[in-house]
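Undergrad: Following is a predicted model, sequence given first.
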Amino acid sequence: MLEQATYERVRNLRGIKWRRYGDDVISAWVADMDIPPVKAVAEAMIPILQDGDLGYNIDLAAQLLPAYAAWQDRHHGWNPDVERLRTFTGSLQALEAALWLRTDPGDGIVVFSPIYFPFLNVIEQTKRRIVDVRLDDETWRLDADRLESAIDSTTRMILFCQPHNPIGRVFDEAEVSAVAEMAEKHDLLVVTDEIWGDLTLTTPHRPLATMDERLKGRLITLGSASKTFSLAGLRCAVAHIDDERLTEKLDALPMHLLGSSSTVSAAGTLAAWTHGDEWVASMRDHLRARCEQLQTRLAADLPEVTMTSPEATYFGWLDFRRTHIADDPSKHLLNEAKVALSPGITFGAQGAGHARINFATSAEIIDDIIDRIVELVRR
Ligand SMILES: Cc1ncc(COP(=O)(O)O)c(C=O)c1O
């Protein structure tokens, strides 16, 4: 069912993952997979191009909303209200819209670090304030007391990432309950980015919308096919907006300000949500195998570098603090081992001495990456 990630394929790709660095570098940084997407995506997009069927088309984009709702129902037991769903050109666009329209400069926005660094950039760029609630750096659990003491009268929003990038945690009932309790107590908006929800390895994903009644009326759920099917270039996402004031403010915006996804990208995304079920199941098996391969190879050949056991996502969070490249692991790895990982420090202060590896690739490429890392650390 899955096609292979080969060097021949990745060296010919046009995207930033394999183009940013030289042909001697193996790339395992940005969140794109090396495996080709499910064939149904191209099969839906190519006829539109071949037929020159590129006039105005609003039906396809409208079909995305029920298709997303049906996907959530089949995979996660959540029945989103289609009336509350909106399309966006990316999850970050939906997040920026929520921040821009529902908070003010200086307002506190809670994040649980280490965290997907564009969240931090977005908060800073919009002149809101990062309220950093660090995850426990051994268990990677959310600390309810730390959350409570970080919140004050200027806090407006909790920005959640379920499952969590970069750690790969799926937050459990108790952790979500702590978030819901604080949200209710301090009247906070909760944005939950669930675009990793389909790529689970050991723990099922549960949408926050199904987990706690106290989140009702204050929850914005971000969804996309971009991570599940590696379609980030299509620029298509949805948000389920259970917050009347955000809906009102979005409706009051000039009609074209946020733009819309193209006919071709809507067709590809729709095909993925309609025909991608088996492919995702195979992908999860593949990712489990690659994760195990990474952990086994590290334990055997480089035990001083430890890796998290992700419950979801295709990321390993590697701890290089016991090696001679601890001061800036990703820089040393790129320059001296020709391996591109994501620098841990960009995800927050706890990321010092760490790097994030993307293991959505082939067994051969993982082996080559580990060989290069071992060679440098042993040098
Ligand atoms: C947690 C998270 N949110 C959002 C994004 C970006 O999504 P989009 O391209 O839909 O804006 C990513 C990309 O890796 C991500 O990991």
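TA: Yep, that arrived.

Undergrad: quick one: pLDDT of Thr103?
TA: pLDDT recorded at Thr103 is 98.

Undergrad: Mind telling me what element the closest residue to it other than its chain neighbours is part of?
TA: Of all residues not flanking Thr103 in the chain, Arg156 sits nearest, at 4.5 Å (CB to CB, 6 or more residues apart in numbering). Yep, even glycine has a C-beta here, placed from its N, CA and C like the rest. Using DSSP states H and E, the element containing Arg156 is strand 155-161.

Undergrad: Likewise for Glu364?
TA: For Glu364, the enclosing helix or strand under DSSP H and E is helix 363-378.

Undergrad: about what we covered before: just the angle between the helix or strand following the strand holding Arg156 and strand 155-161, please?
TA: Note on strand 155-161: by DSSP H and E, the next helix or strand toward the C-terminus is helix 173-185. In terms of direction (axes from the mean of the first three to the mean of the last three CA atoms, to 10 degrees), helix 173-185 departs from strand 155-161 by 160 degrees.

Undergrad: Show me the contact partners of helix 173-185.
TA: By CB atoms under 8 Å, 6 or more residues apart in numbering, the surrounding residues in contact with helix 173-185 are 141-142, 144, 147-148, 151, 158, 160, 162, 188-190, 208, 211-215, 218.

Undergrad: May I have the secondary structure class of Phe229?
TA: Assigned with DSSP: H, G, I helix; E, B strand; the rest coil, Phe229 falls in the coil class.

Undergrad: Please verify my assumption that Ala352 contacts Thr346.
TA: No - here Ala352 does not reach Thr346: they are 10.5 Å apart, not a contact under CB atoms under 8 Å.

Undergrad: per-residue confidence at the closest residue to the ligand within the stretch 1-150 of the chain?
TA: Residue of the stretch 1-150 of the chain nearest the ligand, by CB to the nearest ligand atom: Gly90 (3.0 Å). pLDDT recorded at Gly90 is 97.

Undergrad: and the nearest residue to it once chain neighbours are set aside, how many neighbours?
TA: In this structure, Gly90 finds its nearest non-sequential neighbour in Ala237, 5.2 Å apart by CB to CB, 6+ apart. By the criterion of other CB atoms under 10 Å, Ala237 has 27 neighbours.

Undergrad: And Ala237, how close does it get to Ser260?
TA: Distance of Ala237 to Ser260, computed by CB to CB, to the nearest Å: 11 Å.

Undergrad: Give the residues shared as contacts by those two.
TA: The contact sets of Ala237 and Ser260 overlap at Thr87, Thr89 (CB under 8 Å, 6+ apart).

Undergrad: Can you show me the helices along this structure?
TA: Assigned by DSSP state H, the helices in the chain fall at 7-11, 16-19, 39-50, 59-76, 91-102, 117-125, 144-150, 173-185, 244-251, 263-275, 277-301, 329-332, 363-378.

Undergrad: Next, format these as TSV and append mean neighbour count.
TA: Output for these, formatted as TSV (neighbours: other CB atoms under 10 Å):
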stretch	mean neighbour count
helix 7-11	13
helix 16-19	17
helix 39-50	15
helix 59-76	18
helix 91-102	20
helix 117-125	17
helix 144-150	14
helix 173-185	18
helix 244-251	14
helix 263-275	23
helix 277-301	16
helix 329-332	21
helix 363-378	17
